[in-house]
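# Have a look; sequence and predicted model below, questions after that.
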Amino acid sequence: MPSTHDWIDGPLGVVEGMFAASQNNPNSGWEEKAVEFFKEQLKEKDAHTWVPSLNDIPLHYLKPNSLVKFRCLIQDMFDPEFYMGVYETVDPSTKAKVLRCGKYKDVTECGVSPSLNHSKDPQFGFIFANIDVLISSFSLIPSHCYASSSQARVLPSTSYAPTRQKRSYEEDDDMDDMDDMDTQPQKQREPHTGPQSPTEHGNGDCKRQETEAPSSQTASASHLDLNFPLPGEKGPSCLVKVYKDWDSFKLNDTLEVYGILSVSPALSALADEKDASSSLLDPTECMETAEEQRVHSPPASLVPRIHMLYAKPLPHNNPLLPSAPLEDNSAFLSSTLSEMASVRAELLAYFTHVLMGDALAAEYLILHLISNVYSRRDVLPLGKFTLNLSGCPTVASYTERLYQVIQQLVPSSYYLGMSLQNMNQMRLVPKKDYVANRLVSGALQLARNTSLFLDETQLEQGQLDTTGVRNVTALGNLISWQKVDYDFNYHQMEFPCNINVLITSEGRSLLPSDCQIHLQPQIAPAHMEEYLSSIHMLPQASSQLNKFRIYLSVARLLDYSISDEVTKSVEDDFVDMRKDDPQSVSAEDLHRMLVVARLLSLSLGQTSLSRDSWQKAKHIEALRRSRMEQHKCVNGNEP
């Protein structure tokens, strides 16, 4: 039985050992046994923490052909490619023939000696290649929590020294520090979070920024577009080779992949040879265009390959929670539920402070952050709760400060300043490039449960062009139907999503929303700017911040039900509310109250609707509607 060192440091040895043993029994099903072996090893307690992560460790610290893991979003799916599953080599001097396994490798073992036996046909198979990227717009949670939970120990690889044409993921100063160390770096590379703050990316500048090239290297790879969904994103990116059950993976799925790392420099050499000879090839002999070859065969130093052994879907992206479903962790779940009410009270007080003393708006912000599309009825997504927070001050960069507060609390987020320039220039919807045969990503290709912060206070007077109108329409469809229509030139293809959208605006938003609440600051206007400038951020390592992070993730993952008795009570209440004035409460109002009641229950750790939660939902909805009526009376009907 291979040791831990063997199956992590040398997984190909395990695979080839099983392949060799199968030669005496052709029907042994060795491929399935090999995959099952790694699955069983990873089921051992804490075994997954022994496997180095491509997200948390720089590529040059990882050993080629070792077992690695990678948290990712499936951004694109390439056409299948052929590989030699089994082939025979012959030693020219001894004429000895050996059967070899070509699975989980990019380069076959048949150089000058031994050489490929051309008299025996190899057995071909085919694989699908997925372009996978780090889950878009990671927030601040995983940057230290994932790395600190890992028990993998790695040293700078001495067997692999890639001639990198430009910096891959790590920054120059990180590399200088790491190269001086003889042990695993204490300062792990942080996965890119998208913009750390709205000011970092110039309010959503649409120009894609590539990683900086080192001064000692040429900029020959500057033409390579890594095609990240978000402007300014840096990686990591990876090609994942899938051998089996490829039809079970879908675009935009979030996965944790376990596989064999391939960073062979020969891949870059082969790509260069293809590029150089592409103009000389007979079109009948080459099915790929030069542009397609360039996109599908990026340098391994920039885009490493992972040959997948095993992958599991990610129910969440919060390293503070167990990776397994909550129902399988009864101890963790019961402990968390017992503290839900007290943590909620603390979070409510914090949000009230951030929202300038407005406790009602703080209530609705909590409900928004734990909302989740739990089902779909025909085209209607159930559970979404897009919130329009109107009345936001434009002084002291308030909306940007509010985003930074939310960014601290959720696993993934993205800030989109809705300036006229951004709306007219950004690519929000992914588009198919048929020349390169790839999906050119857009900013709305986001991971499930990403918090999308739309800052409408950035919108100024001006004219939306065709792109701007298309982008605003795409945002409206995302909010209303939780879908994004990808552009395939001759048609559109609908992709469902599950994105929490928060809209901040001065007046009523031009975009649709499920609920609007107008801020009522409890701060005197004369002291407003001073108060906003003093809003404090919780320290990243604080235990209170981690409690808030766990609370929001768990509340979103809880199951929920309504008993027949409570359903009858709600129906009776609705009839009573309409008795005196049938126009006072509509079916839409009832639907909103039911959504609010559901979220209120979950925010308290309750998995079924109680009479008390229903009454509280009615109460806060009445307060919100009363506030909106008062605001209309004072300011007139808003557009």
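Yep, it's here. Numbers count the residues shown, from 1 in each chain.
# in the helix or strand harbouring residue 415, what's buried?
Here residue 415 sits within strand 413-417, counting by DSSP states H and E. The neighbour-count check on strand 413-417 (16 or more other C-beta atoms under 10 Å) flags 413, 414, 415, 416, 417 as buried. Yep, even glycine has a C-beta here, placed from its N, CA and C like the rest.
# can you check stretch 341-356 too?
Neighbour counts over stretch 341-356 (16+ other C-beta under 10 Å) mark 343, 344, 347, 348, 350, 351, 352, 354, 355, 356 as buried.
# For residue 540, give me the backbone phi and psi.
Dihedral pair for residue 540: phi -60, psi -40, per degrees, to the nearest 10.
# Number of residues surrounding it?
Close neighbours of residue 540, defined as other C-beta atoms under 10 Å, add up to 13.
# Please verify my assumption that it contacts residue 404.
No - contact criterion C-beta atoms under 8 Å: residue 540 and residue 404 do not qualify, at 11.7 Å.
# Excluding chain neighbours, what is closest to residue 599?
The shortest distance from residue 599 to any non-neighbouring residue, by C-beta to C-beta, 6 or more residues apart in numbering, is to residue 367 (4.1 Å).
# Which strand or helix spans that neighbour?
Assigned by DSSP H and E, residue 367 belongs to helix 359-369.
# Mind checking which of the buried residues of stretch 341-356 land in helices?
343, 344, 347, 348, 350, 351, 352, 354 (DSSP state H).
# Adding pLDDT as columns, could you present those residues in TSV?
As requested, those are arranged in TSV below (pLDDT from 0 to 100):
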residue	pLDDT
343	97
344	97
347	97
348	98
350	96
351	97
352	97
354	96
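# ok, those residues vs residue 608, which is closest?
Residue 608 has its nearest neighbour among these in residue 344, at 17.3 Å by C-beta to C-beta.
# check contacts around the residue nearest to that closest one when sequence neighbours are not counted.
Once flanking residues are discounted, residue 344 sits nearest to residue 603: 5.5 Å by C-beta to C-beta, 6+ apart. Residues near residue 603 by C-beta atoms under 8 Å, 6 or more residues apart in numbering: 340, 344, 366, 367, 370, 555.
# What separation do you get for the closest residue to residue 379 other than its chain neighbours and residue 376?
Distance criterion C-beta to C-beta, 6+ apart; nearest residue to residue 379, sequence neighbours excluded, is residue 481 at 6.2 Å. To residue 376, residue 481 is 9 Å away according to C-beta to C-beta, to the nearest Å.
# Please identify which of the two sits among more neighbours.
Using other C-beta under 10 Å as the criterion, residue 481 and residue 376 rank with residue 481 on top: 17 against 14.
# what's the spacing between that one and residue 369?
Taking C-beta to C-beta, one finds residue 481 at 21 Å from residue 369.
# How about the contacts made by residue 611?
Residue 611 makes contact with 566, 569 under the criterion C-beta under 8 Å, 6+ apart.
# nope, residue 436 is what I meant
By C-beta under 8 Å, 6+ apart, the contact list for residue 436 reads 289, 291, 292, 294, 295.
# Can you spell out the domain ranges of this structure, please?
Here the domain assignment for the chain is 4-194+233-264+300-313, 332-557, 560-639, based on automatic domain parsing.
# thinking again about what came up before, please identify which pair of the contacts of residue 603 lies farthest apart.
Among the contacts of residue 603, 340 and 367 lie farthest apart (C-beta to C-beta), at 13.9 Å.
# which secondary element of this protein has the worst mean pLDDT?
Between all helices and strands in the chain, the lowest mean by mean pLDDT, DSSP states H and E belongs to helix 172-179, at a mean of 43.
# Tell me the helix or strand right after that helix.
Next in sequence after helix 172-179, counting helices and strands by DSSP H and E, comes strand 237-242.
# pLDDT (mean, whole number) over that next one?
What strand 237-242 shows for mean pLDDT is 90.
# Could I get the average pLDDT for stretch 523-530?
Mean per-residue pLDDT for stretch 523-530: 87.
# Residues contacting that stretch, please?
Under C-beta under 8 Å, 6+ apart, the answer for stretch 523-530 is 356, 357, 393, 395, 396, 521, 531.
# The same query, at a cut-off of 10 Å, please.
For stretch 523-530, contacts defined as C-beta atoms under 10 Å, 6 or more residues apart in numbering pick out 356, 357, 358, 393, 395, 396, 398, 521, 531, 532, 534.
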